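> Compute the structure for the input listed below.
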Amino acid sequence: MAEVSQMIDSDVFLAFSTYATIVVLKMLLMGPMTGYYRMTRKAFSNPEDTAIHGRNEEDKKKFLRTDPDVERVRRCHQNDLENIVPFVVIGLLYALSGPALSTALLHFRVFVGSRFLHTVAYLLPLPQPCRGVSWIVGLLSTFSMGYRLLSTSLVL
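Residues are numbered from 1 along each chain as shown. Prediction:
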């Protein structure tokens, strides 16, 4: 058990905890951002959400619609869910496998930077291939950690 506590107290684990917290908080903030866009664009997906805007049933139906800006923020949030959750799981296992601090920091920083760039590219929107490149860079960082785990740490 002493080995597990040493792994958790390591600089790599502390770095992972920091960067994982940053991207998870970023992902969590996308929910309120979607709500903000829904409110300011008056574009709702559920009838009960229109109650504060519509006086009668006909008015409420006008607000049951899709809006391109709301959908853009929603898709960005969905992309975060698809990429940050695997990073957290694989990154945790990677951090506990005892990699060099400099290599781990490179993986963590590249992933976090790519997710922030991806969000900016998605929401502004910046021209492609900016969003695609930022997505693939983060994905490659996660795959690189996974490859290291499979090739050095795990017994199949």
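
> Pull the contacting residues for Leu105.
Shown in contact with Leu105 (CB atoms under 8 Å, 6 or more residues apart in numbering): Ala15. Any C-beta I mention is one placed from the backbone N, CA and C, and that applies to glycine too.

> in what helix or strand does it lie?
helix 101-123 (DSSP states H and E).

> Let's test this: mean pLDDT of that helix, rounded?
For helix 101-123, the mean pLDDT works out to 97.

> for stretch 41-48, how far is the first residue from the last?
End-to-end distance for stretch 41-48: 16 Å, by CA to CA, to the nearest Å.

> got the buried residues for that stretch?
Arg41, Ala43, Phe44 (16 or more other CB atoms under 10 Å).

> and the gap between the second one and Leu29?
This means Ala43. Distance, Ala43 to Leu29, by CB to CB, to the nearest Å: 20 Å.

> Next, count neighbours for Tyr37.
Neighbour count for Tyr37, taken as other CB atoms under 10 Å: 18.

> Now do the helix or strand containing it: which elements does it pack against?
Applying DSSP H and E as the criterion places Tyr37 in helix 11-41. Secondary-structure packing of helix 11-41 (3 or more CB pairs under 8 Å, 6 or more residues apart in numbering; DSSP states H and E): helix 68-96, helix 101-123.

> Need the residues that contact the helix or strand that comes right after it.
Proceeding N to C from helix 11-41, the next assigned helix or strand is helix 57-62, under DSSP H and E. Contact with helix 57-62 is made by Pro47, Thr50, Ala51, His53, Gly54, as judged by CB under 8 Å, 6+ apart.

> which residues touch the closest residue to Val23 other than its chain neighbours?
Once flanking residues are discounted, Val23 sits nearest to Ile84: 5.0 Å by CB to CB, 6 or more residues apart in numbering. By CB under 8 Å, 6+ apart, Ile84 lies in contact with Val23, Val24, Lys26, Met27, Arg115.

> what bits of the protein have low per-residue confidence?
Counting by pLDDT under 70, the chain contains low-confidence residues at 1-2, 4-7, 54, 154, 156.
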